[in-house]
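Trainee: A structural model of the following input is requested.
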Amino acid sequence: MELYGKIPPGDIAEKWTKYKSSMPLVSPDNKRRLDVIVVGSGLAGAAAAASLGELGYNVKCFTFHDSPRRAHSIAAQGGINAAKNYKNDGDSVYRLFYDTIKGGDYRAREANVHRLAEVSVDIIDQCVAQGVPFAREYGGTLDNRSFGGTQVQRTFYARGQTGQQLLIGAYQALSRQISLGRVQMFNRHEMLDVVLVDGKARGIITRNLVTGKIERHAAHAVVLGTGGYGNVFYLSTNAMMCNVTAAWRAVRRGALMANPCYTQIHPTCIPQYGDYQSKLTLMSESLRNDGRVWAPRKKGRRRGHSPRPQERGRHPGSRPLLLFGGALPCLWQPGAP
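Mentor: Here you go, the predicted structure:
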């Protein structure tokens, strides 16, 4: 059975742009009459709830944490990619699209990834408008660094705290909409089920985790921004509460799950040190790309000469040098015994 992903027809570089320019709009007067439920308050949920509130919709946002700031998005470190080409190194929407497709082992939907590359430029502007303190050059312009093995510098970052700063920025925007009365926040509420009307999600059933009361909430649309499944691995960098319960309850109501095994586990982690640690620790980005520190495979061995451009890559009989603090073979030294 072929999955119908509701992707618009047309050329991959234009289909979403044409669809967005031709889809019906909602007038400002009617937006005030429409209710939207957002489940989750991380980067996806908080940003969606704040944006929908800014547009004029009536929004209810749910989280099973005691505060939206507890979302696991706070643990992200590396940065956020956007094809702004600030470094004039040849970056483009197509290059970001291709790198993302390749990085996803060619399993992602090409049209949706191209749309992601298109909107990446605007996402940075939205984050800056929300107050995210991205790193800047001496002259005040936003800084970029290389990240993820790409040949361009397209990653916007805030030291090693990018996820934390992004989440706080989204939380600030969400708090503003809450104070204006456009967003109603429900902390310590867990989604138990999705309510379907004529095959469309029109509400949710929740449990108040403080009182235990079962509640029902209706809306014209439901947005699930509940994160991924991390605890399928015994040890991972994901929080212990990343347990995919909301997504699974949507699956029980007929939603299709694609690539359930394709979940995030970071390859460059500091191993579990003692029984008191419940998960792996994500190592600092300063050790993985720009600002990296290289160490030989065996203690006391000298690195020798750097590989010439025509010799870069993996060579027969060579041994990998390991990234300090991690466990990924990242550089091959030609001629090493």
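Trainee: pLDDT weak spots in this structure?
Mentor: 1-2, 148, 230-237, 259-273, 276-295, 303-337 (pLDDT under 70).
Trainee: show me where it has helices.
Mentor: Secondary structure of the chain (DSSP state H): helices located at 15-22, 28-31, 43-55, 93-103, 110-129, 162-179, 245-252.
Trainee: wait, which of those helices is closest to H189?
Mentor: helix 245-252 (11.2 Å; Cβ to Cβ). Placement of C-beta: from N, CA and C, glycine included.
Trainee: show me what that closest one is packed against.
Mentor: Contact partners of helix 245-252 among helices and strands, from 3 or more Cβ pairs under 8 Å, 6 or more residues apart in numbering; DSSP states H and E: strand 189-197, strand 221-224.
Trainee: just name the most buried of those strands.
Mentor: Burial of those is given as mean neighbour count (mean count of other Cβ atoms under 10 Å); strand 221-224 ranks first at a mean of 20.
Trainee: distance from that one to the middle of the chain?
Mentor: Relative to its chain's centre, strand 221-224 lies at 18 Å (Cα atoms, centre = their mean, to the nearest Å).
Trainee: that one pairs with which strands, parallel or anti?
Mentor: According to DSSP bridges, strand 221-224 forms sheet pairs with strand 35-39 (parallel).
Trainee: and for the partner strand, what are the contacting residues?
Mentor: Residues from elsewhere that reach strand 35-39, judged by Cβ atoms under 8 Å, 6 or more residues apart in numbering: 45, 48-49, 52, 57-62, 191, 203-204, 217-226, 246.
Trainee: and if we set it to 7 Å?
Mentor: 45, 48-49, 52, 57-62, 191, 203-204, 217, 219-226, 246 (Cβ atoms under 7 Å, 6 or more residues apart in numbering).
Trainee: stretch 228-238: end-to-end distance?
Mentor: Taking Cα to Cα, to the nearest Å, the first and last residues of stretch 228-238 lie 9 Å apart.
Trainee: and if you look at stretch 56-70?
Mentor: 26 Å.
Trainee: what comes up buried for that stretch?
Mentor: Burial within stretch 56-70, assessed by neighbour count using 16 or more other Cβ atoms under 10 Å, is assigned to 56-65, 68-70.
Trainee: stretch 203-223 too?
Mentor: Buried residues in stretch 203-223, counted by 16+ other Cβ under 10 Å: 203-204, 206-207, 217, 219, 222-223.
Trainee: against I37, how distant is the closest residue to T206 other than its chain neighbours?
Mentor: Closest residue in space to T206, ignoring its immediate chain neighbours: H189 at 4.6 Å, by Cβ to Cβ, 6 or more residues apart in numbering. Separation of H189 from I37 (Cβ to Cβ, to the nearest Å) stands at 11 Å.
Trainee: and which of the buried residues of stretch 56-70 is nearest K15?
Mentor: The closest of these, once distances to K15 are taken by Cβ to Cβ, is Y57, at 25.9 Å.
Trainee: verify the contact between the closest one and N30 for me.
Mentor: No: counting by Cβ atoms under 7 Å, Y57 stays clear of N30, with 9.8 Å between them.
Trainee: thinking again about what came up before, out of the helices of the chain, deepest packed?
Mentor: In terms of average neighbour count - mean count of other Cβ under 10 Å - the standout among those is helix 43-55, at a mean of 23.
Trainee: now could you export just the CA positions of that one as CSV?
Mentor: Taking Å, rounded to 0.1, in the frame of the first residue of the first chain, the C-alpha atoms of helix 43-55 are listed here in CSV:
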residue,chain,number,x,y,z
LEU,A,43,10.3,24.2,20.2
ALA,A,44,7.6,22.8,17.9
GLY,A,45,4.6,23.2,20.3
ALA,A,46,5.5,26.5,21.9
ALA,A,47,6.4,28.1,18.6
ALA,A,48,3.2,26.8,16.9
ALA,A,49,1.0,28.0,19.8
ALA,A,50,2.6,31.4,20.0
SER,A,51,2.4,31.8,16.2
LEU,A,52,-1.2,30.7,16.0
GLY,A,53,-2.1,33.1,18.9
GLU,A,54,-0.3,35.9,17.1
LEU,A,55,-2.4,35.2,14.0
